[in-house]
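Engineer: task: produce atomic coordinates for the following.
(chains A and B)
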Amino acid sequence: GQQVMQIPQYQHVQEGEDFTTYCNSSTTLSNIQWYKQRPGGHPVFLIQLVKSGEVKKQKRLTFQFGEAKKNSSLHITATQTTDVGTYFCKAPGAGKSTFGDGTTLTVKP
Amino acid sequence: ETGVTQTPRHLVMGMTNKKSLKCEQHLGHNAMYWYKQSAKKPLELMFVYNFKEQTENNSVPSRFSPECPNSSHLFLHLHTLQPEDSALYLCASTPSIGSNQPQHFGDGTRLSIL
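Structural biologist: Here you go, the predicted structure:
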C-alpha cells in the first residue's frame, strides 16, 4: 500500500493567500522529498528533509519535517500564479514508488 | 533541460499497434525508472532498473515490456494496449538505487489509445 497520505487533494486560493499541503506516514521516515509538477510538465525535485523537526525555506516556500519524522508540510506564503501545479511528497524506499497522491494548487489572480 | 530525454512526446495508437517509448539520460546515472501517471491515479511505479538489471516490476501487465540495454537508455515496448493505458508515461533516473536520491524526470510521453 501507499506509504504516505497527502492532503488536501485540491486547494484553490486567491492570489496572495497562503497555502499548505500535508504529508503523513504511519511509519517513521528516514527522509522525505518534495516535488512540484507544473500543468503539462513533469515532477521537479524541490527539497529533501532528513532531520527531526527540520525546517527549510526556499523564498516563499517553507518545508517542515515533524519531530517524530512521520509527517511533513509545505507552506507557501502569499501565493502567486506561478505557484500553480501539483505538489508531491515522496517517502524513501529502495526502488519503490512512495509518492503521495499530490495536492493540486490553483491560484486565482 | 533535465538531462533526461523522452521520445516521442505524444503518441496515439490503436489497440493492435506495437510501439516503443524511449528514454535517454545524460546524467551518468545508473538507475532508471518507468512511471505511469493517469488522471485518476498518482505516480505509479512500473519498473526499476539498476545497472541494466531489472530490480522491480510492480505487477505490470505483460503488454508493457521494458528493455534497458545500458545504464543510459531505457525503453518501454507497447503492444495490444487497452484504453485504460492512456496516460502520461514518465521516465526518471537516479545515481543509483537509494532512498535519499532525488529523481530526475523526463518530460514524459503522452500516450492515447484509440
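
Engineer: in chain B, which spans are strands?
Structural biologist: Using DSSP state E, the strands found in chain B span residues B:4-7, B:10-13, B:18-25, B:31-37, B:44-50, B:53-57, B:64-70, B:73-79, B:87-94, B:104-105, B:109-113.

Engineer: now swap in chain A and tell me
Structural biologist: Taking DSSP E, the strands of chain A run over residues A:4-7, A:10-14, A:19-25, A:32-37, A:43-49, A:55-58, A:61-65, A:71-76, A:85-90, A:103-108.

Engineer: in the first one, what's buried?
Structural biologist: Taking 16 or more other C-beta atoms under 10 Å in any protein chain shown as the neighbour-count basis, strand A:4-7 is seen to contain the buried residues A:4, A:6. (Each C-beta comes from the backbone N, C-alpha and C, glycine too.)

Engineer: on contacts alone, who are the packing partners of it?
Structural biologist: In terms of contacts (3 or more C-beta pairs under 8 Å, 6 or more residues apart in numbering or on different chains; DSSP states H and E), strand A:4-7 is packed against strand A:19-25, strand A:85-90.

Engineer: what parts of chain A come near chain B?
Structural biologist: Proximity of chain A to chain B, by C-beta under 8 Å from any C-beta of the partner chain, involves residues A:30-31, A:33, A:35, A:41-45, A:48, A:50, A:88, A:90, A:92-97, A:99-102.

Engineer: 10 Å instead?
Structural biologist: Chain A comes close to chain B at residues A:2, A:6, A:29-31, A:33-35, A:37, A:40-48, A:50, A:86, A:88, A:90-102, as judged by C-beta under 10 Å from any C-beta of the partner chain.

Engineer: in ChimeraX, select just the buried ones from those.
Structural biologist: Listed next is the ChimeraX selection for buried residues among the residues of chain A next to chain B, using 16+ other C-beta under 10 Å:
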select /A:6,29,31,33,34,35,37,42,43,44,45,46,47,48,86,88,90,91,92,93,95,97,98,99,100,101,102
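
Engineer: follow-up on the earlier one: relative to chain A, which of the strands of chain B is closest?
Structural biologist: Chain A lies closest to strand B:44-50 among the strands of chain B, at 2.9 Å (C-beta to the nearest C-beta).
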